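Student: All I have is the shape, not the residue letters:
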């Protein structure tokens, strides 16, 4: 039980209310109602922990290790020599006679056909054949320029018709534009081989009527003109390569005109 010692002046100096402390005292110590003037709460004392002193650790005595004995030298027994072995002689291979190789039967190769004789220059049977697409064909340069301009104009007109039409008509005009673009490239390549120069015609898109059947009619007339120009060029050239090219382009013009005619017949 905690022992109480009351000291009222000390309580007043510690901010403790003496009346409150008196009520607590009366409740805890009912048999001793009178509170001594010098009573103050006793503060329990905490015993200080006393650590025992440990005895000092004795030093370990130095130990001397015994010396390692040297290993005695050991003499290994000598390795016995291997006995000599005589290999048996290799028997000689018996001679073999090979059968003779039969002779290959003679084969007759087919004869090389003679090269066809090249046609001579028109109007001169004894003259050698002229080389096509060479400097000798420079007379066709102006004709090639005219046909290249027509081919480019035909391409532009066909593209305009593709934008104005649909269905089978648009498909046919797209093929027509593709053919004229290819014709321009073929003519341009021939022109370059003959002259060594490139030619780019300045062409404007042709003006076509707004009414589609009338525009197709105008293109039909143009395709007939294209066919005639190429046939005239084929008749006036002495170059066999250019002649074949002109005739192919003339056939395309006739085919295009027939296609446009068939489209107009379906519209009617």
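Tutor: Yep, it's here. Since we're looking at a predicted model, the values are computed, not measured.
Student: Could you pull up the residues touching residue 175?
Tutor: Going by CB atoms under 8 Å, 6 or more residues apart in numbering, residue 175 touches no other residue. No exception for glycine: its C-beta is placed from N, CA and C like everyone else's.
Student: before we move on, what SS does it have?
Tutor: helix (DSSP: H, G, I helix; E, B strand; the rest coil).
Student: Tell me how far it lies from residue 169.
Tutor: From residue 175 over to residue 169 the distance is 11 Å, taken as CB to CB, to the nearest Å.
Student: in the helix or strand where residue 229 lies, what's buried?
Tutor: Per DSSP states H and E, residue 229 falls inside helix 212-236. By 16 or more other CB atoms under 10 Å, the buried positions in helix 212-236 come out as 212, 215-220, 222-223, 226-227, 229-231, 233-234.
Student: Stretch 235-250 too?
Tutor: Applying 16+ other CB under 10 Å to stretch 235-250 flags 237, 239, 240, 241, 242, 243, 245, 246, 249, 250 as buried.
Student: Who's the closest spatial neighbour of the second one, skipping the chain neighbours?
Tutor: So that's residue 239. residue 137 (4.1 Å; CB to CB, 6 or more residues apart in numbering).
Student: pLDDT value on that neighbour, please?
Tutor: Residue 137 carries a pLDDT value of 91.
Student: surely it meets residue 243?
Tutor: No: judged on CB atoms under 8 Å, residue 137 makes no contact with residue 243 at a distance of 10.3 Å.
Student: where do the contact lists of those two overlap?
Tutor: By CB under 8 Å, 6+ apart, the residues touching both residue 137 and residue 243 are residue 237.
Student: thinking again about what came up before, and which of the buried residues of helix 212-236 is nearest residue 56?
Tutor: residue 212 (125.1 Å; CB to CB).
Student: For the closest one, list the residues it contacts.
Tutor: 161, 164, 165, 169.
Student: Swap in 6 Å and give it another go.
Tutor: By CB atoms under 6 Å, 6 or more residues apart in numbering, the residues touching residue 212 are residue 164.
Student: swap in residue 224?
Tutor: residue 257.
Student: and the helix or strand just after the helix holding residue 229, what other elements does it pack with?
Tutor: Remark: after helix 212-236, the chain's next helix or strand is helix 240-267, criterion DSSP H and E. For helix 240-267, the packing partners by 3 or more CB pairs under 6 Å, 6 or more residues apart in numbering; DSSP states H and E come out as helix 167-195, helix 212-236.
Student: Please produce a markdown table containing the ones you listed, extended by distance to residue 255 and mean pLDDT.
Tutor: A markdown table is the format used below for the helices and strands packed on helix 240-267 (distance: least, CB to CB, whole Å; pLDDT from 0 to 100):
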| stretch | distance to residue 255 | mean pLDDT |
| --- | --- | --- |
| helix 167-195 | 8 | 95 |
| helix 212-236 | 9 | 96 |
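Student: Can I get those in a markdown table including distance to residue 74?
Tutor: Putting these into a markdown table (distance: least, CB to CB, whole Å) gives the following:
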| stretch | distance to residue 74 |
| --- | --- |
| helix 167-195 | 100 |
| helix 212-236 | 114 |
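Student: Where does pLDDT dip in the stretch 51-200 of the chain?
Tutor: 51-52, 60, 71, 82, 90-91, 93-96, 98-99, 101-102, 104-107, 109-130 (pLDDT under 70).
Student: One more pass at 50, please.
Tutor: Within the stretch 51-200 of the chain, the stretches with pLDDT under 50 are 115-123, 126-128.
Student: mind listing the helices for it?
Tutor: Assigned by DSSP state H, counting those that start in this stretch, the stretch 51-200 of the chain shows helices spanning 141-164, 167-195.
Student: how many neighbours does residue 85 have?
Tutor: 5 (other CB atoms under 10 Å).
Student: for residue 156, same thing?
Tutor: Using other CB under 10 Å: residue 156 sits among 16 other residues.
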